[in-house]
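> Quick one: sequence plus predicted model below, questions after.
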Amino acid sequence: MDRHKHFSHPHTLSFHKSLEGAQLTCTGCNFPCTGTPVYSCRACKFFLHDRCFNASRSLTHPSHPDHPLSLFPSPTYSSGSFICSECNKTGSGFCFCCSHCEFDLHIHCAYNTLNPIPSTPPPNQIKLKSHPNHQLKYLPKAPYASGTHLCDVCGTGCDPNGALYRCDICDYDAHVTCTTLPESVRREDHPHTLSLLYVYPYESFECDVCRGAIAKSNCMYHCSSDCNYGMHVKCVPAKVSEQAPMNEMTFQLEMFKLQNQMKVHEMAVDTMLLGTHGLHRNRYYRY
């Protein structure tokens, strides 16, 4: 069997026209690679699509023509993730970076723009640790017309025109990108590794980045050293909010205050009308 070297991995890789069986994820782009040509180091569970293996170490991209982009095997930020300047989504695998600017691209976004070709099709069904009882089916378009449905992994809205994974039995939805979240990440403002929690273990939890409440039905990242530090899945690359948004409890309290103010106002109006009505009656009887 041929052995191949790649700059991103210390061991030699073997090439396979197809690896069937367990669901495999490409280390470079974080997309499934089962049933496709793949380079692998099985001992390390390291897999690369043929396209990711052969990606150029440097390129000039039309969306950032002033500087060349260099390919890094992992994000250059201490958080362990980056925001792609092309699709604005979080990335944790291979990254094309500009050494002069905070400009980063997913490897697939960089090449899809340069030379669009059909992406590797996602598997038709998957099973998530956050939803272990049933498999989720891949849908190229959401089955609902409105954008009111939320991803049950990250808690943000699902695009009614976008692809997702869904369990019809439980009405459970997941963004395609949320099915390949890294098990652990880091942030530069926290000294410990953050681990992905699939089961919500708290009565309530406030995100340490955006200060909003984390829903019990969602996944979250939490400090592996048990220092009660955690955040929404989508808040890992975000900056800490300077002003806390209104959480559910604050919202309920403000609504209660507003309702009381409205009741007081209505009572005052009723009293005024009653007094006016009484004055008219007194005038009537006076005559």
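Sure thing, it's come through. Numbering: from 1, shown residues only.

> and the closest residue in space to K127 that isn't next to it in sequence, how many neighbours?
Closest residue to K127 apart from its sequence neighbours, by C-beta to C-beta, 6 or more residues apart in numbering: Q135 at 5.1 Å. Yep, even glycine has a C-beta here, placed from its N, CA and C like the rest. Neighbours of Q135 under the rule other C-beta atoms under 10 Å: 15.

> Check P191 too.
11.

> Report the buried residues of stretch 95-103.
Neighbour counts over stretch 95-103 (16 or more other C-beta atoms under 10 Å) mark C95, F96, C97, C98, F103 as buried.

> Might you calculate how far it sits from the centre of the chain?
22 Å (C-alpha atoms, centre = their mean, to the nearest Å).

> what's the average pLDDT for it?
The average pLDDT within stretch 95-103 is 87.

> can you tell me the distance between the two ends of that stretch?
Criterion C-alpha to C-alpha, to the nearest Å; first-to-last residue distance in stretch 95-103 is 10 Å.

> Show me the contact partners of it.
For stretch 95-103, contacts defined as C-beta atoms under 8 Å, 6 or more residues apart in numbering pick out 59, 61, 64, 67-72, 74-76, 82, 85, 104-107, 110.

> Identify the residue nearest the spatially most central residue of the chain in space, chain neighbours excluded?
Centrality entry for the chain: nearest residue to the mean C-alpha point is K234, 4.2 Å, by C-alpha atoms, centre = their mean. With sequence-adjacent residues excluded and distances taken as C-beta to C-beta, 6+ apart, K234 is closest to C154, at 5.0 Å.

> likewise S40?
Counting by C-beta to C-beta, 6+ apart, the residue nearest S40 is F47, at 4.9 Å.

> number of nearby residues for F47?
Using other C-beta under 10 Å: F47 sits among 24 other residues.

> And for C44?
C44, neighbours per other C-beta under 10 Å, totals 12.

> sorry, back to before: show me which of the buried residues of stretch 95-103 is closest to F205.
Taking C-beta to C-beta as the measure, F205 sits nearest to C95 out of the buried residues of stretch 95-103, at 29.8 Å.

> Next, give phi and psi for the closest one.
Main-chain dihedrals, C95, degrees, to the nearest 10: phi -150, psi 130.

> mind checking how far it is from T180?
Look at C95 and T180: by C-beta to C-beta, to the nearest Å, they are 15 Å apart.

> How about C52?
Taken as C-beta to C-beta, the span from C52 to T180 is 14 Å.

> higher neighbour count, the two?
Shown here are C52 and T180; by other C-beta under 10 Å, C52 has more neighbours (25 against 17).

> Which residue comes closest to the more buried one once chain neighbours are left out?
Ranked by C-beta to C-beta, 6+ apart and with sequence neighbours excluded, the top spatial neighbour of C52 is G28, at 3.2 Å.

> Show the contacting residues for that neighbour.
For G28, the residues meeting the contact criterion (C-beta under 8 Å, 6+ apart) are S8, L48, H49, C52, F53, A55, G93, F94, I107.

> The first one against F53, yeah?
No: counting by C-beta atoms under 8 Å, S8 stays clear of F53, with 9.1 Å between them.

> one step back: please check the contacts of stretch 95-103 and keep the buried ones.
Using 16+ other C-beta under 10 Å, the buried ones in the contacts of stretch 95-103 are 59, 61, 64, 69, 71-72, 75, 82, 85, 104-107, 110.

> Format these as JSON lines; extra columns: secondary structure.
What follows is the buried ones among the contacts of stretch 95-103, written out as JSON lines (DSSP: H, G, I helix; E, B strand; the rest coil):
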{"residue": "L59", "secondary structure": "strand"}
{"residue": "H61", "secondary structure": "strand"}
{"residue": "H64", "secondary structure": "strand"}
{"residue": "L69", "secondary structure": "strand"}
{"residue": "L71", "secondary structure": "strand"}
{"residue": "F72", "secondary structure": "strand"}
{"residue": "P75", "secondary structure": "coil"}
{"residue": "F82", "secondary structure": "strand"}
{"residue": "S85", "secondary structure": "coil"}
{"residue": "D104", "secondary structure": "strand"}
{"residue": "L105", "secondary structure": "strand"}
{"residue": "H106", "secondary structure": "strand"}
{"residue": "I107", "secondary structure": "helix"}
{"residue": "A110", "secondary structure": "helix"}
